[in-house]
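Chemist: quick one: sequence plus predicted model below, questions after.
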Amino acid sequence: MWHPSSCFQPPWRATASGESPCVGRCGRVKWEAMTLPPPRFRSHYRPRTAAGWVAIVSFSLLMAMAQPPIVHTLANRTEPWILGMPFLYVYLLAVYVAMIGVLIWAVRKGI
Amino acid sequence: MEPWVVSTSLIFAYIVVTIVLGVVANRRMTVDLEDFLLYGRQAGFVVLYLTVVASFHSAFAFLGSGGFFYTHGIGFWAAGTWTVLVGAITYVLGSRIWAVGKRFGYMTPADMLADFYESDAVRVVVASVSVLFTILYIQVQAQGLGYIISVASGGRISYEVGTAVLLAVAAGYLMAGGLRAVYWTDVVQGIWMYVAIWVGALILTERLFGGPIELWRRVAAERPDLLSLPGPEGFFTPGMWVGMSVALSFGIILQPHMMIRYFTAASGRTIKWLGATTPIFLMTLYIPAALVGLGGALIMPDIDVPDRIFPELLFTYAPAWLTGVILAGATAAAMSTLDSILHANMTVLTRDIYQRFLAPGRSERHYIRVGQVIVLGLLVVGYILSVGTFELLVTLVTLSGAGALQLLPGVMGVCFPTARPWTRNGVLAGIGVGLAVLYATLVVWPHPFAVHGAIWSISANFLACIVVSRFSAPPSNETVARVHGEVERFVYGDG
């Protein structure tokens, strides 16, 4: 573990910046001081930008519309016919196209 | 000229084209393992797009999907869900896999997981799962090929001979040109299969019903049970819908032949565009499949093997040239998946087993030679498996997908930085428990409570992974900082 009293700068910073590691009075590298602290990363499961939130929420909502229970209840019918095709078929096609649209929008926004 | 002559000739013409491409690829190949196995990590958007879609859609898309619409009706339109999910997974997960693969030189999924979890046990287990469950896929494709050529020749070329010839052709151009040959042939195969199924379905629909609108009207009048959920046989329950969506998206993406494609991309942006646009191809291929399956249910309601509905309709109602073109397209669909799986298994066995444990430190030329010998071995195994019992194609595909799905927690642990990383023991425990539950819920008690076995198995997998990770040592801070730091930089930095 790194002990603050044994080194004036965090070993993480020293290693990352390429500076010399901490050296003890005997001249040898203090290997215990070289051990990196646990890295901390913000979770990648939560979007960090507004565009990221828009993409993930809209895609999730659309995916929910293509899954049970909605598909097996509200959308599970042939009427009304749309362009000569049954409702369920056209409904799902529209949802799929919308999901692809979200993905393309996300790339164009650089998410 | 008799129809079977035309059909068989067109299939063999197609085979000649793939062989020529394999030879040309061989002349461009260098003695470089990365070039042989990963196309030199230089695949651009068009090539990568067509190889991904051609590999994803197999004999199943051509034969099994029509059979599924035939038997279970509109419920198979759920296929759109998993094809769009494939795009989203490619976008989010695939781009991260590309980033760490490029930075740390990974060639296989096992490379990536073994490095992050600092474990050769993880390498062996991941490599084993990768090979075990994709060998099932070799069987599926080889069976599809044998069946196609047998049907095309009117039984004059036996199923066994057809399987052997087409397996040998795929293995031949793979050995000659490596992944470059696979990619180039996939470009031809991807275009051919897409055009073939659309043209075939539209012509049949026009001849038999006067167009798609009239087909839908007649299905509603004569077989309304095909237009509602869960379908005539009650197959598409909510649990099966969700389960197939998960198994056939995550499960297929996590198979080595798909994950390795991410390592080959020229850039991360290529992968993101790939994710955003591949669903267009993947999903729309099921539109003509629906016309074939639903139309076939009206025209040929008593067919013995539903998977055969498309070729049966062609032989009965389409001109010989069209039948040949379309069956060559079906051959393309099967071969493009088969060569990719052969390549992936060859890569995994060469890189993760032979190079790592049996003969480290040899020349690149040596490993390429070994890879070519492994392809020959896989050819034999694939043939033996394929002449076994014929099952419905989709059942095998689902089993394959659900097997590779067990790698999901491990891959997510690498690609999604969190405050507390999952551990080697957690990932191993998860895979073990997941596979056990998968066997129980697919074989012993298939789909308990009408929920797909994939859902049971992956839930148990995640649970075991999380619990065991809580009580075992995580990867070293250095490794976590290195790998997760690269992901962080790629996603939120200057990537």
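Modeler: Looks like it arrived, so ask away. Numbering: from 1, shown residues only, chains lettered A, B, ... in the order given.

Chemist: which residues of chain B score low on pLDDT?
Modeler: The model of chain B has pLDDT under 70 over residues B:31, B:388-401, B:494-495.

Chemist: who's in contact with the residue sitting nearest the centre point of it?
Modeler: For chain B, B:Phe56 is the residue whose C-alpha lies nearest the centre (CA atoms, centre = their mean; 4.0 Å). B:Phe56 makes contact with B:83, B:86, B:252, B:258, B:278, B:282, B:337 under the criterion CB atoms under 8 Å, 6 or more residues apart in numbering or on different chains. C-betas here are computed from N, CA, C, even on glycine.

Chemist: 7 Å - rerun?
Modeler: Contacts for B:Phe56 (CB atoms under 7 Å, 6 or more residues apart in numbering or on different chains) come out as B:86, B:252, B:282.

Chemist: swap in B:Val47?
Modeler: By CB under 7 Å, 6+ apart, the contact list for B:Val47 reads B:183, B:187.

Chemist: what residues does chain A put near chain B?
Modeler: A:35-41, A:43-45, A:48, A:59, A:66-69, A:71-72, A:76, A:78, A:84-86, A:88-89, A:92, A:96, A:99-100, A:103-104, A:106-107 (CB under 7 Å from any CB of the partner chain).

Chemist: can you flag the buried ones in those?
Modeler: Neighbour counting by 16 or more other CB atoms under 10 Å in any protein chain shown classes A:36, A:39, A:41, A:44, A:59, A:66-68, A:71-72, A:76, A:78, A:85-86, A:88-89, A:92, A:96, A:99-100, A:103-104, A:106-107 among the residues of chain A next to chain B as buried.

Chemist: sitting in helices, which of these do you find?
Modeler: With DSSP state H as the criterion, helices contain A:59, A:88-89, A:92, A:96, A:99-100, A:103-104, A:106-107 from among these.

Chemist: could you check how far B:Phe104 is from chain A?
Modeler: From B:Phe104 across to chain A, the span is 16 Å (CB to the nearest CB, to the nearest Å).

Chemist: wait, that residue sits on B:Leu113?
Modeler: No - using CB atoms under 7 Å, B:Phe104 is not in contact with B:Leu113; the gap is 11.9 Å.

Chemist: these two: which is more packed in?
Modeler: Set B:Phe104 next to B:Leu113 and count neighbours by other CB atoms under 10 Å in any protein chain shown: B:Leu113 wins out with 23 against 14.

Chemist: where's that one, which helix or strand?
Modeler: Per DSSP states H and E, B:Leu113 falls inside helix B:109-117.

Chemist: tell me if that helix is near chain A.
Modeler: No - under the criterion of CB under 7 Å from any CB, chain A is not reached by helix B:109-117; the shortest gap measures 12.9 Å.

Chemist: I would like the residues contacting that helix, please.
Modeler: Against helix B:109-117 from outside (CB under 7 Å, 6+ apart): B:100-101, B:104, B:106, B:120, B:122-123, B:126-127, B:130, B:256, B:259, B:348, B:351-352, B:407, B:410, B:414, B:424, B:427, B:475, B:479, B:483.

Chemist: just after it, pick out the following helix or strand.
Modeler: Taking DSSP H and E, what comes next after helix B:109-117 is helix B:120-152.

Chemist: ok, the helix or strand following that following helix near chain A or not?
Modeler: Once helix B:120-152 ends, the next helix or strand along the chain (criterion: DSSP H and E) is helix B:159-209. No - if you take CB under 7 Å from any CB as the test, helix B:159-209 misses chain A, and the best it gets is 11.8 Å.
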